[in-house]
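A.B. asks: can you look at this prediction? I've put the sequence above it.
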Amino acid sequence: AQSVSQHNHHVILSEAASLELGCNYSYGGTVNLFWYVQYPGQHLQLLLKYFSGDPLVKGIKGFEAEFIKSKFSFNLRKPSVQWSDTAEYFCAVSRGVSGSARQLTFGSGTQLTVLP
Amino acid sequence: SQTIHQWPATLVQPVGSPLSLECTVEGTSNPNLYWYRQAAGRGLQLLFYSIGIDQISSEVPQNLSASRPQDRQFILSSKKLLLSDSGFYLCAWSVRPPSMGELFFGEGSRLTVL
């Protein structure tokens, strides 16, 4: 069975600091990769996704993620965080060409706290 | 536009009591529907998955059950709650395959079993 690892459970940064949240998965075949975010009091929502093509994908609010196949990684980055980025971030992976949502495996999440 | 709602948002129930959490989707037809449980530090665990009315798949053995009486309605139930059922439950929907794994989540329901 595939697994998704998010090594940082809680990250605390000051505003304007750079962010990188790690995500590694175990499946060796074709994968579809996602970052979801849950802001305080809001729905869990999609931040960005990778299916194919350019391994550097850009999402909403200045976030980007890079798919490095050789490292089985899909790390989330932002050059300069804001207080409003405080949220819980989940990496998720689905397998195969169609990437059925039923096969979506989530990481354990990383709580990001940005200090003003 | 599509929307998803689930309720109640918060529920406190005694051990042994029944449970019913409801989820409805609007603005789309024939969605795939999901119930997840989110435990602190453990990510999201898929509990049930449905591709249509009365078509439910259980992903993990447990004290809970799910039903889909209408195309856009998904209900999570239990006849007798256990302490271990406490948690944060999320309903979600996706388009029919190939959904590419993109899910749209409800607000969540926090269940505390005492």
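C.D. replies: Here it is on my side, so go on.

A.B. asks: SS state for the residue nearest to the spatial centre of chain B?
C.D. replies: When CA atoms, centre = their mean is applied to chain B, the residue found nearest the centroid is B:W35 (2.8 Å). Secondary structure of B:W35, reduced to three states by DSSP: H, G, I helix; E, B strand; the rest coil: strand.

A.B. asks: OK, contacts around it?
C.D. replies: B:W35 is in contact with B:21, B:23, B:46-48, B:64, B:66, B:74, B:76, B:89-92, counting by CB atoms under 8 Å, 6 or more residues apart in numbering or on different chains. Bear in mind the C-beta positions are built from the backbone N, C-alpha and C, glycine included.

A.B. asks: just name the lowest-scoring one in those residues, pLDDT-wise.
C.D. replies: In terms of pLDDT, B:L46 ranks lowest among those, with 90.

A.B. asks: Throw the contacts of B:W35 into JSON lines and include neighbour count and distance to chain A, thanks.
C.D. replies: Shown next, in JSON lines, are the contacts of B:W35 (neighbours: other CB atoms under 10 Å in any protein chain shown; distance: CB to the nearest CB, whole Å):
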{"residue": "B:L21", "neighbour count": "23", "distance to chain A": "16"}
{"residue": "B:C23", "neighbour count": "26", "distance to chain A": "12"}
{"residue": "B:L46", "neighbour count": "20", "distance to chain A": "7"}
{"residue": "B:L47", "neighbour count": "19", "distance to chain A": "12"}
{"residue": "B:F48", "neighbour count": "23", "distance to chain A": "10"}
{"residue": "B:L64", "neighbour count": "21", "distance to chain A": "18"}
{"residue": "B:A66", "neighbour count": "21", "distance to chain A": "14"}
{"residue": "B:F74", "neighbour count": "29", "distance to chain A": "14"}
{"residue": "B:L76", "neighbour count": "22", "distance to chain A": "17"}
{"residue": "B:Y89", "neighbour count": "22", "distance to chain A": "12"}
{"residue": "B:L90", "neighbour count": "25", "distance to chain A": "7"}
{"residue": "B:C91", "neighbour count": "28", "distance to chain A": "10"}
{"residue": "B:A92", "neighbour count": "27", "distance to chain A": "8"}
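
A.B. asks: low pLDDT regions in chain B?
C.D. replies: Within chain B, the stretches with pLDDT under 70 are B:97-101.

A.B. asks: sorry, back to before: which ones among the contacts of B:W35 map onto strands?
C.D. replies: Those of the contacts of B:W35 mapping onto strands are B:L21, B:C23, B:L46, B:L47, B:F48, B:A66, B:F74, B:L76, B:Y89, B:L90, B:C91, B:A92, per DSSP state E.

A.B. asks: quick revisit: ok, what's across the strand from the residue nearest to the centre of chain B?
C.D. replies: B:F48, B:C91 (DSSP bridges).

A.B. asks: need the max-distance pair from the ones in strands among the contacts of B:W35.
C.D. replies: Maximum pairwise distance among these (CB to CB): 15.4 Å, between B:L21 and B:L46.
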